[in-house]
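Engineer: got a sequence here, can you build the structure:
(one chain, ligands or ions: 1)
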Amino acid sequence: MLVSAKEMLEKARAGHYAVGQFNINNLEWTKAILLAAQENNSPVILGVSEGAGKYMTGYKTVVGMVNGMLEELNITVPVALHLDHGGYEGCMKCIEAGFSSIMYDGSHSPIEENVANTKELVKICAEKGMSLEAEVGSIGGEEDGVVGMGECADPQECKRIADLGVTMLAAGIGNIHGKYPANWKGLSFETLEAIKSLTGDMPLVLHGGTGIPEDMIKKAIDLGVAKINVNTECQLSFAAATREYIEAGKDQQGKGYDPRKLLAPGTEAIKATVVEKMELFGSINKA
Ligand SMILES: [Zn+2]
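Structural biologist: Residues are numbered from 1 along each chain as shown. The predicted model follows:
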């Protein structure tokens with residue numbers, strides 16, 4: 001059964017580790033991430049962007065697939081199904097479809113509108129036992145076509161949104177989505193510390209987990225980050241393994257064109273990446 005991310009993140013915050021959010025795109029992605037979590041006794045958050053939701057034909061399909069897998073694969077570790085960077089309407093659709101967690105990304109709206117929408121969603125999520133992530137300060141890189149600059153959130157605005165009763169808070173601290181450029185300045189721990197001192201025990205969320213150096217990840221966890229989003233890294237490892245299979249001509253040998261064979265190395269590669277991240281974040285055996 002899907003669970004809210006609240007309890008797993010509170011435990012992570014108190015235990016000084018982080019739970020990974022791994023974004024899904026299809027059946028192979030979902031299966032790889034769920035098996036990695038189960039085999040390593042780790043809690044896990046499945047992230048679905050609005051674009052990926054559309055790609056999978058809609059949120060109801062996603063909920064059906066994930067719930068089916070939890071049962072058929074005997075998944076017993078805590079699993080949250082979470083909308084990643086949702087608009088207000090996307091959030092309402094996921095609540096209706098049976099997600100257990102949502103992120104409302106009001107970071108592109110004026111703060112007053114972000115506050116009003118967040119308030120409304122706090123109320124609905126509390127009624128439904130769902131967790132809610134809010135975002136302050138746009139996170140750099142590309143988010144479903146919207147390109148941000150990697151700015152730092154205003155700690156006072158973070159406090160204002162945190163006080164509305166959200167479960168977890170994403171704040172820009174110089175992090176960006178996708179691959180980091182060579183001239184990236186690194187995370188702003190000064191901003192993170194300021195946010196932490198104003199928001200207390202609120203679990204903080206680090207987006208754009210792909211390519212942040214390991215020592216920075218560990219320091220961020222020490223400073224209150226309890227959820228780290230990973231997306232691009234799974235895509236890169238899937239693509240590399242699939243490329244290797246095809247370049248070796250394996251799709252042309254025997255029944256190597258069978259999608260169950262063709263997609264197997266990529267699926268295993270996603271699993272390996274997920275396990276590597278769970279080790280780094282410290283969530284193994286924390287289910
Ligand atoms: Zn993000």
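Engineer: just the element for the closest residue in space to residue 238 that isn't next to it in sequence, please.
Structural biologist: Spatial nearest neighbour of residue 238, chain neighbours left out: residue 266 (4.1 Å); criterion: CB to CB, 6 or more residues apart in numbering. Heads up, the C-betas are built off the backbone N, CA and C, glycines and all. Using DSSP states H and E, residue 266 falls within helix 264-281.
Engineer: equivalent analysis for residue 71, please.
Structural biologist: With DSSP H and E as the criterion, the answer for residue 71 is helix 59-72.
Engineer: can you verify my assumption that the residue nearest to residue 238 contacts residue 241?
Structural biologist: Yes: Residue 266 lies in contact with residue 241 (CB atoms under 8 Å); the separation is 4.7 Å.
Engineer: these two - which one has more neighbours?
Structural biologist: Between residue 266 and residue 241, counted using other CB atoms under 10 Å, residue 266 has the larger neighbour count: 23 against 19.
Engineer: who's in contact with that one?
Structural biologist: Contacts for residue 266 were tallied using CB atoms under 8 Å, 6 or more residues apart in numbering; they are 28, 237-239, 241-242, 245.
Engineer: for residue 117, give its distance to residue 157.
Structural biologist: Note on residue 117: its distance to residue 157, by CB to CB, to the nearest Å, is 14 Å.
Engineer: revised request: answer the last question for residue 113.
Structural biologist: Applying CB to CB, the value for residue 113 to residue 157 is 13 Å.
Engineer: can you report how many residues lie near residue 221?
Structural biologist: 21.
Engineer: for residue 190, same thing?
Structural biologist: 12.
Engineer: cool, residue 180 as well?
Structural biologist: Residue 180: 20 neighbours (other CB under 10 Å).
Engineer: for the stretch 51-200 of the chain, just list every one of the strands.
Structural biologist: In the stretch 51-200 of the chain, the segments counted as strands under DSSP state E, counting those that start in this stretch are 79-86, 101-104, 131-136, 141-143, 146-148, 168-171.
Engineer: before we move on, what SS does the nearest residue to residue 262 once chain neighbours are set aside have?
Structural biologist: Excluding the flanking residues, the one nearest residue 262 by CB to CB, 6+ apart is residue 251, at 5.7 Å. Taking DSSP: H, G, I helix; E, B strand; the rest coil as the rule, one finds residue 251 in the helix state.
Engineer: then the one 3 residues further on?
Structural biologist: Per three-state DSSP, the local secondary structure of residue 254 is coil.
Engineer: quick one: it from residue 247, how far?
Structural biologist: The gap separating residue 254 from residue 247 is 17 Å, by CB to CB.
Engineer: separation between the closest residue in space to residue 114 that isn't next to it in sequence and residue 112?
Structural biologist: In this structure, residue 114 finds its nearest non-sequential neighbour in residue 106, 3.2 Å apart by CB to CB, 6+ apart. Applying CB to CB, the value for residue 106 to residue 112 is 10 Å.
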